[in-house]
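**Student:** sharing a sequence plus its predicted fold:
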Amino acid sequence: MRIIAYIYADPAIESVPDADIWGLEVDRVYRDLGDRVQLQQLLQDSQGNPPDYLLLRRLDELGDTLEIVATILAQIEAIGIIIIATEQHYHSFETTQQDPSGDRLFDLLAEIQQNQYSRRIRQGHARNRIKAMPPPGKATYGYRRGKDRYILDRSTAPVVKDFFEHYLLYSSLRGSVRYLEKKYGKKISVATGRRWLANPIYRGDTKYHNGDILPNTHTAILSREEAAQIDRLLKRNSRLPSRSASAPRSLAGLVICGQCYSHHTITRVTARKKSKEYLYLRPVSCPEQNKCKAIPYQDILEQTIAQICQILPLAIAGMNAPEGSNPKGAIAAQMAQKETIMQQLPDLQKQGILDAETADLRHYKLRTELAQLQQKLSQLPPDNLKPIAQAISFPQFWLDLSESERRFYFREFIKEIKIIRDRDLQWHLELVFIFGS
């Protein structure tokens, strides 16, 4: 008994299936990508020595129209080959024998027609993706749909830009949402604001329904540096306790007890009939019998600044890694390699090595791979850490900042601040930096 199989796939809209998907051993697999040359070869080979069975995933893989599918189907079955569709209820001859009324066959033909229609729609979307055209649907707020790309909406783009600038300054999503409503009367939810912060559209990239991202397709509202900074802000704020991300105090969400690992909250105490207030950091849920005592906020702030000025420059200097293990250099090398391949595609097309469709598809895939590498690159620490470390190694730099500005810089470098208590009830701080973990 001889069993053969046929696979058809369009690389522009689907991944190429593996040849070993049938669950049993087959004598030969004919596979077409985009055209149906191998299908014609299958028909030719079957004339002299027909196999017993032909395995398909779906009957609509035999042609682009219902008429072509019916013709190919009749040709194969006329030779005496039994066709089995693994993803459809079809088995040659048994289908009509078990369904004399033809209802099942009618439903199958309707399913084939629907699959072909869906494939044509997806192929049309794929052609638009390869040409870097916007996906169907309404343009994102801040843009309008142009002929072949998004273009800035001059009335709404400044609103989005101001939202990003406010978030970069204060690192508060809810505060930025309130700011937008107060200044422009633009009401958005916090969830919408979070989507804006991560939306590739505002970075000049286009994201499609299948998850692919094409870089540099239109004018960006956010620069690459600002986008990378927002990514770091979102990442570090996700590690903080609830409501600490936008808390007004710079140490909020960073301080934990080195013994019971309880996070600390900031409490305010005022003397009776006096306006002056005192700030303390106390553990939220200390499990010890002798509860950890509250510590004046200003004392921890001053010691934090002193340790940053002393330790941070040394910690950044210790980040020097061998050139071969430099992650930024490795990613940059990969990006340069892919850009070189992209530059070679026109020459390969002129030489006849690649046809226009294959060259366009390869160019598209290289651009999506570049976007993925760019995203990885943006998540790494910035290049200017050393100059920044030198600038912030002076206590006066920190003392001149407002609490919101200090909060921004603290979270740029510090993962957590541990309070280490000894038996004499004395304490000192241990700073854990983000890039050191």
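**Tutor:** It's in.
**Student:** could you use CA atoms for every contact and neighbour count after this?
**Tutor:** OK.
**Student:** what's downstream of the helix or strand hosting Q307, the next helix or strand?
**Tutor:** Using DSSP states H and E, the secondary-structure element containing Q307 is helix 297-317. Later in the chain than helix 297-317, the nearest helix or strand by DSSP H and E is helix 327-350.
**Student:** and that following helix, what does it pack against?
**Tutor:** When contacts are defined as 3 or more C-alpha pairs under 8 Å, 6 or more residues apart in numbering; DSSP states H and E, helix 327-350 packs onto helix 356-378.
**Student:** just the buried positions in the helix it packs on, please.
**Tutor:** Neighbour-count burial for helix 356-378, counted by 16 or more other C-alpha atoms under 10 Å, picks out 358-372, 374, 377-378.
**Student:** what of stretch 29-45?
**Tutor:** When neighbours are counted by 16+ other C-alpha under 10 Å, the buried residues of stretch 29-45 are found to be 29-32, 36, 38-39, 42.
**Student:** list the ones among those that fall in helices.
**Tutor:** 38-39, 42 (DSSP state H).
**Student:** and which of the residues you listed is nearest to I300?
**Tutor:** Distances from I300 to these, taken as C-alpha to C-alpha, are shortest for Q38 (73.4 Å).
**Student:** wait, what's in contact with the closest one?
**Tutor:** With C-alpha atoms under 8 Å, 6 or more residues apart in numbering as the criterion, the residues that contact Q38 are 30-32.
**Student:** what about the helix holding Q307, distance to the chain center?
**Tutor:** Between the mean C-alpha point of helix 297-317 and the mean C-alpha point of its chain there is a distance of 34 Å (C-alpha atoms, centre = their mean, to the nearest Å).
**Student:** same deal with stretch 224-243?
**Tutor:** Taking the mean C-alpha point of stretch 224-243 and that of its whole chain, the gap between them comes to 14 Å (C-alpha atoms, centre = their mean).
**Student:** what's next to that stretch, contact-wise?
**Tutor:** Stretch 224-243 is contacted by residues 168, 171, 197-198, 203, 245, 253-254, 378-379, 411-412, 415 when judged by C-alpha under 8 Å, 6+ apart.
**Student:** could you list the low-confidence segments of the stretch 201-350 of the chain?
**Tutor:** For the stretch 201-350 of the chain, the stretches with pLDDT under 70 are 240-246, 318-326.
**Student:** rewinding a little: mind putting the contacts of Q38 into TSV with pLDDT?
**Tutor:** Below are these laid out as TSV (pLDDT from 0 to 100):
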residue	pLDDT
Y30	91
R31	89
D32	89
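**Student:** still on that earlier bit, which ones among the contacts of stretch 224-243 are found in strands?
**Tutor:** When strands are assigned by DSSP state E, the members of the contacts of stretch 224-243 inside them are K415.
**Student:** ok, and the closest non-adjacent residue to Y6?
**Tutor:** Ranked by C-alpha to C-alpha, 6 or more residues apart in numbering and with sequence neighbours excluded, the top spatial neighbour of Y6 is Y30, at 4.7 Å.
**Student:** which residues are in contact with that neighbour?
**Tutor:** Shown here is Y30, whose contacts under the criterion C-alpha under 8 Å, 6+ apart are 4-7, 38-39, 42.
**Student:** residues in contact with I221?
**Tutor:** When contacts are taken as C-alpha under 8 Å, 6+ apart, I221 is in contact with 157, 160-161, 202-204.
**Student:** could you measure from it over to K161?
**Tutor:** Taken as C-alpha to C-alpha, to the nearest Å, the spacing of I221 relative to K161 amounts to 6 Å.
**Student:** now L399
**Tutor:** Counting by C-alpha to C-alpha, the separation of L399 from K161 is 30 Å.
**Student:** residues near G48, how many?
**Tutor:** When neighbours are defined as other C-alpha atoms under 10 Å, G48 has 9 of them.
**Student:** and the pLDDT at it?
**Tutor:** Per-residue confidence for G48 comes out at a pLDDT of 82.
**Student:** sorry, back to before: rebuild the contacts of I221 as a markdown table, extending it with neighbour count.
**Tutor:** Supplementary listing: the contacts of I221 in a markdown table, determined by neighbours: other C-alpha atoms under 10 Å:
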| residue | neighbour count |
| --- | --- |
| A157 | 19 |
| V160 | 20 |
| K161 | 15 |
| Y202 | 26 |
| R203 | 22 |
| G204 | 19 |
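**Student:** can you redo those as JSON lines with distance to E225?
**Tutor:** Compiled in JSON lines, these are given as follows (distance: C-alpha to C-alpha, whole Å):
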{"residue": "A157", "distance to E225": "18"}
{"residue": "V160", "distance to E225": "17"}
{"residue": "K161", "distance to E225": "14"}
{"residue": "Y202", "distance to E225": "13"}
{"residue": "R203", "distance to E225": "10"}
{"residue": "G204", "distance to E225": "13"}
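**Student:** so which of those comes closest to G329?
**Tutor:** Among the contacts of I221, and counting by C-alpha to C-alpha, the member closest to G329 is R203, at 22.8 Å.
**Student:** hmm, the closest one is touching L214, no?
**Tutor:** No. Using C-alpha atoms under 8 Å, R203 is not in contact with L214, being 10.8 Å away.
**Student:** so E430, which of the three states?
**Tutor:** Following DSSP: H, G, I helix; E, B strand; the rest coil, E430 is assigned to strand.
**Student:** show me how this structure divides into domains.
**Tutor:** 3-129, 143-237, 255-319+385-436, 323-378 (automatic domain parsing).
**Student:** just name the most buried of these.
**Tutor:** Mean neighbour counts were taken over the domains of the chain using mean count of other C-alpha atoms under 10 Å, and the top value, a mean of 17, falls to domain 143-237.
**Student:** and E165, how far from Y179?
**Tutor:** For E165, the distance to Y179 (C-alpha to C-alpha) stands at 11 Å.
**Student:** repeat that for Q114.
**Tutor:** Using C-alpha to C-alpha, we find Q114 at a distance of 49 Å from Y179.
**Student:** ok, D35 - contacts?
**Tutor:** Residues touching D35, when contacts are defined by C-alpha under 8 Å, 6+ apart, are absent altogether.
**Student:** mind checking the longest helix of this structure?
**Tutor:** If each helix of the chain is counted by residues according to DSSP H, the longest one is helix 103-130.
**Student:** just checking, D27 touches Y6?
**Tutor:** No. Using C-alpha under 8 Å, D27 is not in contact with Y6, being 11.3 Å away.
**Student:** quick one on the thing from earlier: now, which of the ones in helices among the buried residues of stretch 29-45 sits nearest C292?
**Tutor:** The nearest one, if we look at those relative to C292 and count by C-alpha to C-alpha, is Q38, at 75.6 Å.
**Student:** would you mind measuring from the closest one to R144?
**Tutor:** When C-alpha to C-alpha is applied, the distance between Q38 and R144 equals 44 Å.
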